[in-house]
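A.B. asks: the following comprises the amino acid sequence and a computationally predicted model.
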Amino acid sequence: MDQQHISGYFDYNATTPICSDVIDSMVPAMKLFANPSGNNRHSQTIKKTINEARQNVAQLLQTQVSNIFFTSGGSEANNWAIKGVLFKHIDKPGHIITTEIEHASVLDTVKYFADTFGFEVTYLKPKKDGAIDVSDLENALQDNTQLITIMYANNETGVIQSIEKMATITSARKIPFHVDAVQLVGKRKINVEKLGIDYLSLSAHKFYGPKGVGSLYIKDIDSIEPLIHGGGQEFSMRAGTENLVTIVGLSKAAQRVTESVEQWDSDNWQCKQHLVALLEASPLKIKFNGSTDYSNSLSNTLNIAIDGIRGESLMLQMELIYGFIISVGSACSNNKTINLSHVLQAMNINETDIQSSIRISFGRFTQLEDIEKFVTALVSAVEQLLAISTGY
Amino acid sequence: MYNDIIIDNFTNPQKVGDIALANCEFEIGNPVCGDRIKIQLMVENNTISEARFRAWGCATSIATANLFCESIEGKTTSDINQKNDQDIESMLGQLEPSQHHCVHILKELHQQLVVQANAGAQ
């Protein structure tokens, strides 16, 4: 791994560096070309490897192997959960509950079902701290609610939703509950069976695995339609020859998470506390977007608005001059529109603050000294931008 | 992505600042994305001897302001007036769709300069 790139990388919520033992596990798998569905002994070996991978993912989520289905990633898992449940009601479209702060793979899929098939949708709005009020979910329930889909932790703010409390309500009413946990898996321990949810999406590249592979947890296989027809793979729910190399990578990454997630979380939390303390002691005028405490937010994520600057300019300055990579919630779109973060807008953050916001996300390769260098660079970069804009 | 022209002008802007005795000054803004640029000039014998800017906006708009100031120093207003849209567009190099609003900013800066110069001449 490029050490300088890793030390300056503060965009782990976009993707994580693939760890070396995951790479080491994938390389030999590239040489295994037999079709896993074949009957020869090479095929049997591959089948066994895929089963082991399913076991590792099941262990990660603390569930049974029969509940784990491989996908091409988080977006596919989200699409499958929503489409698979709603297609069961296609002749009598009912009501869906989601939130305003979901990933596009949820929002766009739900919108597709509303626009094309006439499903009614309730979009729950978060409070100023980024959390969805559980009572809002309860109040939104209707007799014909056919699906609830809510993310576990938000990619932009890191705010964690009260999924366990929500699941108590949904399971009592027997309403299918899908949770997009793409940002949470690999950062906090998770037990899907204890949670009592019906579907959960995850993506390997968010926890040091390869891109192009993820998984959908399905509690009851009969509750959902298959995603891809045309073969017996994934228990006839997602046809197509398995992508062995990425599945092996997911397997190793899942194994590492199971072993180390608590340690990583503890290290991240230490980094976050240090980052918050340094920012508060700095001359920067900042506002935190969303909760920052341990229980209600991811230990690796901080979203802040910095007075007097544009986040997009700061992002480029940080990369080109200081070698730090961050991300922003708003960007120019064209002459007539600006893309403002839908998440920060839903939290009722004003436009100026959204334009001044940056997302800082770090991970298991981030050291405390990286945090210190980061804040020093951030202060300098902001001062440079303020010097350009003095008078405005 | 940002091209080298934008990167150079954004990371090392040479024309940031104020001119204490500026004899020409104008501001432009993009009401949609909020970019704001203030230009101050020293015009002597119809030639722009000094140009400075202040800006609040995206990286490309800051780079645009710097590039504009660099390009007009030492030029007469009639030199600048001779630039057509194609000349102005080519100054910023190849842009992403999200950066195209800066072409409009650059054109507006040129237009404002000509308007101000003409007003000064009258």
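C.D. replies: Right, received. Where do you want to start?
A.B. asks: pLDDT averaged over the helix or strand hosting residue A:115 - what is it?
C.D. replies: Element membership for residue A:115 (DSSP states H and E) is helix A:104-117. If you average the pLDDT over helix A:104-117, you get 98.
A.B. asks: which of the residues in that helix are buried?
C.D. replies: Of all the residues in helix A:104-117, those buried under the rule 16 or more other C-beta atoms under 10 Å in any protein chain shown are A:105-107, A:109-110, A:113. Every residue, glycine included, has its C-beta placed from N, CA and C.
A.B. asks: also stretch A:342-359?
C.D. replies: A:342-347, A:349, A:353-359.
A.B. asks: ditto for stretch A:13-24
C.D. replies: For stretch A:13-24, burial by neighbour count (16+ other C-beta under 10 Å) applies to A:13, A:16-19, A:22.
A.B. asks: contacts for it next, please.
C.D. replies: The set of residues that contact stretch A:13-24 without belonging to it, under C-beta atoms under 8 Å, 6 or more residues apart in numbering or on different chains, is A:1, A:6, A:9, A:155-156, A:158, A:183, A:186, A:205-211, A:249, A:252-253, A:256, A:300-301, A:327, A:359, A:361, A:363-365.
A.B. asks: any chance of the buried residues of helix A:104-117 in JSON lines, plus distance to chain B?
C.D. replies: Conversion of the buried residues of helix A:104-117 to JSON lines gives the following (distance: C-beta to the nearest C-beta, whole Å):
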{"residue": "A:105", "distance to chain B": "22"}
{"residue": "A:106", "distance to chain B": "24"}
{"residue": "A:107", "distance to chain B": "21"}
{"residue": "A:109", "distance to chain B": "25"}
{"residue": "A:110", "distance to chain B": "26"}
{"residue": "A:113", "distance to chain B": "29"}
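A.B. asks: greatest separation within those: which pair is it?
C.D. replies: The distance between the two most remote of the buried residues of helix A:104-117 (C-beta to C-beta) is 13.2 Å, for A:105 and A:113.
A.B. asks: related to what we said a few turns ago, near chain B too, which of the buried residues of stretch A:342-359?
C.D. replies: residue A:355 (C-beta under 8 Å from any C-beta of the partner chain).
A.B. asks: tell me which of the buried residues of stretch A:342-359 fall in helices.
C.D. replies: Secondary-structure check on the buried residues of stretch A:342-359 using DSSP state H: residues within helices are A:342-346, A:353-355.
A.B. asks: average pLDDT across the lengthiest helix in chain A?
C.D. replies: Of all segments of type helix in chain A, defined using DSSP H, the longest is helix A:244-281. Mean per-residue pLDDT for helix A:244-281: 98.
A.B. asks: now do stretch A:367-381
C.D. replies: 98.
A.B. asks: kindly report the same for stretch A:90-100.
C.D. replies: The pLDDT scores in stretch A:90-100 average 98.
A.B. asks: from the middle of its chain, how far away would that stretch be?
C.D. replies: Shown here is stretch A:90-100, whose average C-alpha point lies 22 Å from the average C-alpha point of the whole chain (C-alpha atoms, centre = their mean, to the nearest Å).
A.B. asks: quick one, longest helix in chain B?
C.D. replies: Taking DSSP H as the assignment, the helix of chain B that covers the most residues is helix B:101-121.
A.B. asks: dump it to CSV, keeping only the CA atoms.
C.D. replies: Written as CSV, here are the backbone C-alpha positions of helix B:101-121 (Å, rounded to 0.1, in the frame of the first residue of the first chain):
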residue,chain,number,x,y,z
HIS,B,101,-20.7,27.9,-15.3
CYS,B,102,-17.2,29.4,-15.1
VAL,B,103,-17.2,30.0,-18.8
HIS,B,104,-20.2,32.3,-18.2
ILE,B,105,-18.3,33.9,-15.3
LEU,B,106,-15.3,34.6,-17.5
LYS,B,107,-17.5,36.0,-20.2
GLU,B,108,-19.3,38.2,-17.7
LEU,B,109,-16.0,39.5,-16.3
HIS,B,110,-14.9,40.5,-19.8
GLN,B,111,-18.3,42.1,-20.5
GLN,B,112,-18.2,44.0,-17.2
LEU,B,113,-14.7,45.2,-17.9
VAL,B,114,-15.7,46.6,-21.3
VAL,B,115,-18.8,48.3,-19.8
GLN,B,116,-16.7,49.8,-17.0
ALA,B,117,-14.0,51.0,-19.4
ASN,B,118,-16.5,52.6,-21.7
ALA,B,119,-18.2,54.2,-18.8
GLY,B,120,-14.8,55.6,-17.6
ALA,B,121,-14.1,56.8,-21.1
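A.B. asks: would you mark the buried spots in that helix?
C.D. replies: Using 16+ other C-beta under 10 Å as the test for burial, helix B:101-121 gives B:101-103, B:105-106, B:108-110, B:112-113, B:116-117.
A.B. asks: now, which of those sits nearest chain A?
C.D. replies: Checking the buried residues of helix B:101-121 against chain A by C-beta to the nearest C-beta gives residue B:101 as the nearest, at 4.1 Å.
A.B. asks: that closest one and residue B:27, how far apart?
C.D. replies: According to C-beta to C-beta, to the nearest Å, residue B:101 and residue B:27 sit 17 Å apart.
A.B. asks: then residue A:275?
C.D. replies: Counting by C-beta to C-beta, the gap from residue A:275 to residue B:27 is 37 Å.
A.B. asks: okay, the angle between the one helix or strand residue B:62 maps to and helix B:101-121?
C.D. replies: Using DSSP H and E, residue B:62 maps to helix B:59-72. Using axes from the mean of the first three to the mean of the last three C-alpha atoms, to 10 degrees, one finds that helix B:59-72 and helix B:101-121 are set 40 degrees apart in direction.
A.B. asks: so how far is helix B:59-72 off the chain centroid?
C.D. replies: Taking C-alpha atoms, centre = their mean, one finds helix B:59-72 lying 5 Å from the centre of the chain it belongs to.
A.B. asks: likewise for stretch A:307-325?
C.D. replies: For stretch A:307-325, the distance between its averaged C-alpha position and the chain's averaged C-alpha position is 24 Å (C-alpha atoms, centre = their mean).
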